[in-house]
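In: can't give you the sequence, but here's the structure:
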């Protein structure tokens, strides 16, 4: 198979885990590969992914080879594959816009970033880099709250004609206007806001769906999260959290039997604890009533390494985007978006989204979905 050539915006912990994973699975056999939802998709294995362009704004990363940049501060995720060969791809200066929060400059260099001195490139320059590199998929790993910057890079993907995977909670794939623009150009897009492989949101959703299926009335719930990476530091600026909170809340609300009043559901980032580094700790509480209106409650504590937890999903999203390119399919990829992301254009239960994504990979989803929608329209 040919390589899947990707470009990455934001060389933080998530990009580090993704690139480590590409190399980690290179010498693995399928039967020994732990932690993947799919060993291959459309004939592509994780090792078939190649980074051909990268952008960042941190002085400690810009200008460095990708293999070095992923281990530069303030990255703090687990190193599970340290032997990364030189890629020959240097991280280029990107556009800043709202790609960082001003308060982060008040912290020590170890925890925050140092803005590079290089001039910011024009959109034309970035599009030229993407075209010259041969990139086919653009991965958006900007910080939460980067509304302007995320849309800037979505524009770059549209102008270049490459697929876009929106890993952050800026609503692009789930925005009808943006979705229409990608559809008109027949360019695939997956988004918005990537789910972890086994993280807070997917666990909360599955439990909520279980309550519904087992006849338990859910009355109140919260999800509290703490972490020590730059993502959590960035989110101390609450003004950047509107879309993140909406994304995480809607991911759970969409699978409740009856939507909860706003006062009875609280889901969102909670606090920054530096020594946790890339470890994320999640606390979930659910209160409800069983048979005979007898009250019950559930409390769960989940501890995961945040960035590798998303990388396994990102590897599948990249390959689904490439599969769409190979098949000439553009616009929002609804099945992968529903399974891989918290805020897709259309919400489905995770069971439904899983079946849809498996059908998409096999090439049968589009036909089956069209028939299903036509049947529903005729009663």
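Out: Alright, I've got the coordinates. Not measured: the values here are computed from a predicted model.
In: For the rest of this, base every contact and every neighbour count on C-alpha atoms.
Out: OK.
In: Can you report phi and psi for residue 49?
Out: Backbone torsions of residue 49, given as degrees, to the nearest 10, read phi -90, psi 130.
In: My error: substitute residue 124 in the last question.
Out: The main-chain torsion angles of residue 124 are listed as degrees, to the nearest 10 and equal phi -60, psi -40.
In: go on, residue 282?
Out: Given degrees, to the nearest 10, the pair of backbone angles that residue 282 has is phi -120, psi 140.
In: What helices and strands are in contact with the longest helix along the chain?
Out: Taking residue count as the measure and DSSP state H as the definition, the longest helix of the chain comes out as helix 306-327. Counting contacts by 3 or more C-alpha pairs under 8 Å, 6 or more residues apart in numbering; DSSP states H and E, the secondary-structure elements packed against helix 306-327 are helix 13-24, strand 137-140, strand 163-166, strand 188-190, helix 334-340.
In: Identify the neighbouring strands of the second one in the sheet and state each direction.
Out: Strands flanking strand 137-140 in the sheet, each with its direction: strand 4-9 (parallel), strand 163-166 (parallel) (DSSP bridges).
In: Looking at those, which is nearest to residue 276?
Out: Residue 276 lies closest to strand 4-9 among the strands paired with strand 137-140, at 24.8 Å (C-alpha to C-alpha).
In: Could you identify which of the helices and strands packed on helix 306-327 is most buried?
Out: Each of those was given a mean neighbour count from mean count of other C-alpha atoms under 10 Å, and the largest, a mean of 32, is that of strand 188-190.
In: Tell me which other helices or strands that one touches.
Out: Under the contact criterion of 3+ C-alpha pairs under 8 Å, 6+ apart, the helices and strands touching strand 188-190 comprise strand 163-166, helix 176-184, helix 306-327, strand 331-332, helix 334-340.
In: Need the contact partners of the longest one.
Out: Applying C-alpha atoms under 8 Å, 6 or more residues apart in numbering, the contact partners of helix 306-327 are 4, 13-15, 17-18, 21, 35-38, 41-42, 44, 46, 77, 136-137, 163-165, 187-190, 194-199, 278-280, 330, 336, 340, 361.
In: Test my guess that residue 51 contacts residue 8.
Out: Yes - taking C-alpha atoms under 8 Å as the definition, residue 51 is a contact partner of residue 8 at 7.5 Å.
In: Quick check: bridge partners of the closest residue in space to residue 154 that isn't next to it in sequence?
Out: The shortest distance from residue 154 to any non-neighbouring residue, by C-alpha to C-alpha, 6 or more residues apart in numbering, is to residue 164 (6.9 Å). Here residue 164 shows beta-bridge partners residue 138, residue 189, assigned using DSSP bridges.
In: how close does residue 164 get to residue 316?
Out: With distances taken as C-alpha to C-alpha, to the nearest Å, residue 164 is found 14 Å from residue 316.
In: same question, residue 193
Out: The span separating residue 193 from residue 316 equals 14 Å under the rule C-alpha to C-alpha.
In: Neighbour count for these two, which is higher?
Out: Set side by side, residue 193 and residue 316 show unequal neighbour counts under other C-alpha atoms under 10 Å, the larger going to residue 193 at 28 against 22.
In: now the stretch 51-200 of the chain, which segments are flagged as low pLDDT?
Out: The stretch 51-200 of the chain contains residues with pLDDT under 70 at 104-113.
In: how about the helices in it?
Out: For the stretch 51-200 of the chain, applying DSSP state H, counting those that start in this stretch gives helices covering 66-69, 123-133, 147-160, 176-184, 200-213.
In: Just name the most buried of these.
Out: Among these - counting mean count of other C-alpha under 10 Å - the highest mean neighbour count belongs to helix 66-69, which has a mean of 23.
In: Remind me what that helix packs against, helices and strands.
Out: By contact count (3+ C-alpha pairs under 8 Å, 6+ apart), the secondary structure elements abutting helix 66-69 number zero: no helix or strand.
In: tell me how far it is from the chain's mean position?
Out: Distance of helix 66-69 from the chain centroid (C-alpha atoms, centre = their mean, to the nearest Å) equals 21 Å.
In: got a list of contacts for that helix?
Out: Among residues not part of helix 66-69, those counted as contacts by C-alpha under 8 Å, 6+ apart are 11, 54, 60-62, 84-91.
In: try 6 Å
Out: Helix 66-69 has contacts (C-alpha atoms under 6 Å, 6 or more residues apart in numbering) with 61, 84, 86, 89-90.
In: neighbour-wise, which of those residues leads?
Out: Most crowded among these, counting by other C-alpha under 10 Å, is residue 61 at 29 neighbours.
In: Neighbours of residue 242, how many?
Out: The criterion is other C-alpha under 10 Å. On that basis, residue 242 has 14 neighbouring residues.
In: Same check on the one 3 residues further on?
Out: The tally of other residues near residue 245 (other C-alpha under 10 Å) stands at 17.
In: what about it, is that helix, strand or coil?
Out: Using DSSP: H, G, I helix; E, B strand; the rest coil, the secondary structure recorded for residue 245 is helix.
In: Now do it, the pLDDT please.
Out: You'll see residue 245 listed with a pLDDT of 91.
In: Cool, thanks, talk later.
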